[in-house]
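Student: give me coordinates for this.
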Amino acid sequence: MPTTSATAFHPSMCISTPSSLPSNSEDHPVHVLTAKPKSVLHKHPLWQPTHANISFQFKEKILCLEIMGVDSGKALSQNPCLHTTSLDSIHSIITFLESKGIHQKDLGRIFGMCPKILTSDIKTELNPVFNFLSYDLRVPDQHYRKVINKCPRLLISSVRDQLKPALFYLQRLGFRDLHALAYQDPVLLVSSVEKTLIPKLDFLVSIGFSRADAVGMVLRCPGLFTFSIENNFKPKFEYFAKEMEGSLEELKEFPQYFAFSLEKRIKPRNIAALEKRVKVPLPLMLKTTDEEFEELTRQGCG
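Tutor: Residues are numbered from 1 along each chain as shown. The predicted model follows:
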């Protein structure tokens, strides 16, 4: 049996499990906090740089976050409540998420992206999200992990004030595929209806599309709802209209245009086509590989 001094601090030490499991068998790994963490933590290399005046409990919390792969400084900055939350409370969050199928290896990324989760209330905040996934999006229990890994922000979104209103709005627009919303585009559900979704639709209408056409475009390319108006829509549309002399009809048929890089794909391909004096349909211009595009322009056909 290994001695305490030889024990390495492991992320699993931030997780509690039933005490009935064997604690000294290599065949049955257990995730428990060591009975005397101080002797272990003091030997860990991450321990030494911490300030001497910081309490042991706070050091333990920082080390637990770092071992899980979470930038503790960033997490504490983004979620000041972490300063006062207990390690037991963090353990409860971890245990709850694991009970929902989230793997320990996922936690670093999830908490790193959304440190607020670490101080969420399980009963009033986290559990309702999983109920929403189950009852509103029809996500089976065994697939929770896939959805949460796709969009960790779901866990810090209010079901009443955010998720359900977004789902209702998207369904009114014509989003009927719950599977696609859950597994491919869950970011739409954590987007503000008033500040994000509606303004994107209004912009498309403002540049000349009918509302029906604009809705059709976002249904075909939901990613349009995630693009910045100032940094994406405006510069790309201006280039398309002025330099490419394109028509709204082309964009209506190929709204994915806005998903391509202006500097790395759109401009170089357009300039190459102009130099060869060939007209290449927008989808072929942007979706083809470099070799395929070169062949298209060489042959002078589109």
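
Student: quick one: average pLDDT of stretch 95-110?
Tutor: What stretch 95-110 shows for mean pLDDT is 95.

Student: again, but for stretch 162-174
Tutor: 97.

Student: got the buried residues for it?
Tutor: 162, 163, 165, 166, 167, 169, 170 (16 or more other C-beta atoms under 10 Å). C-beta coordinates here come from the backbone N, C-alpha and C atoms, glycine included.

Student: can I get those in a markdown table with secondary structure and distance to residue 131?
Tutor: Below are those laid out as a markdown table (DSSP: H, G, I helix; E, B strand; the rest coil; distance: C-beta to C-beta, whole Å):
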| residue | secondary structure | distance to residue 131 |
| --- | --- | --- |
| 162 | helix | 14 |
| 163 | helix | 10 |
| 165 | helix | 16 |
| 166 | helix | 16 |
| 167 | helix | 13 |
| 169 | helix | 20 |
| 170 | helix | 19 |
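
Student: where does pLDDT dip in this structure?
Tutor: Counting by pLDDT under 70, the chain contains low-confidence ranges at 1-55, 301-302.

Student: how about the strands in it?
Tutor: Taking DSSP state E to define them, one finds no strands in the chain.

Student: give me the residue at the spatial middle of it.
Tutor: Among the residues of the chain, the one closest to the centroid is residue 151, at 3.7 Å (C-alpha atoms, centre = their mean).

Student: quick check: nearest residue in space to that one, chain neighbours excluded?
Tutor: Of all residues not flanking residue 151 in the chain, residue 186 sits nearest, at 3.9 Å (C-beta to C-beta, 6 or more residues apart in numbering).

Student: now that neighbour: how far from residue 107?
Tutor: Applying C-beta to C-beta, to the nearest Å, the value for residue 186 to residue 107 is 19 Å.

Student: show me the contacts for the closest residue to residue 214 other than its chain neighbours.
Tutor: In space, residue 214 comes closest to residue 204 once its chain neighbours are excluded; the distance is 3.8 Å by C-beta to C-beta, 6+ apart. Neighbouring residues of residue 204 by C-beta atoms under 8 Å, 6 or more residues apart in numbering: 213, 214, 217, 218, 224, 233.

Student: ok, the first one - contacts?
Tutor: The reference is to residue 213. Contacts for residue 213 (C-beta under 8 Å, 6+ apart) come out as 204, 248, 252.

Student: hmm, 7 Å instead?
Tutor: Residue 213 makes contact with residue 252 under the criterion C-beta atoms under 7 Å, 6 or more residues apart in numbering.

Student: against residue 247, how distant is it?
Tutor: Residue 213 is 12 Å from residue 247, by C-beta to C-beta.

Student: same question, the second one
Tutor: Note on residue 214: its distance to residue 247, by C-beta to C-beta, is 16 Å.

Student: mind checking which of the two has more residues around it?
Tutor: With neighbours defined as other C-beta atoms under 10 Å, residue 214 and residue 247 compare such that residue 214 has more, 23 against 13.

Student: my read: that one touches residue 200, true?
Tutor: No. Here residue 214 lies out of contact with residue 200, judged by C-beta atoms under 7 Å, at a distance of 8.9 Å.

Student: which of the contacts of residue 204 lies closest to residue 68?
Tutor: Proximity of the contacts of residue 204 to residue 68 (C-beta to C-beta) peaks at residue 224, which lies at 35.3 Å.

Student: returning to what we had before: now, the most widely separated pair of the buried residues of stretch 162-174?
Tutor: Farthest apart among the buried residues of stretch 162-174 - using C-beta to C-beta - are 162 and 170, which lie 12.4 Å from each other.
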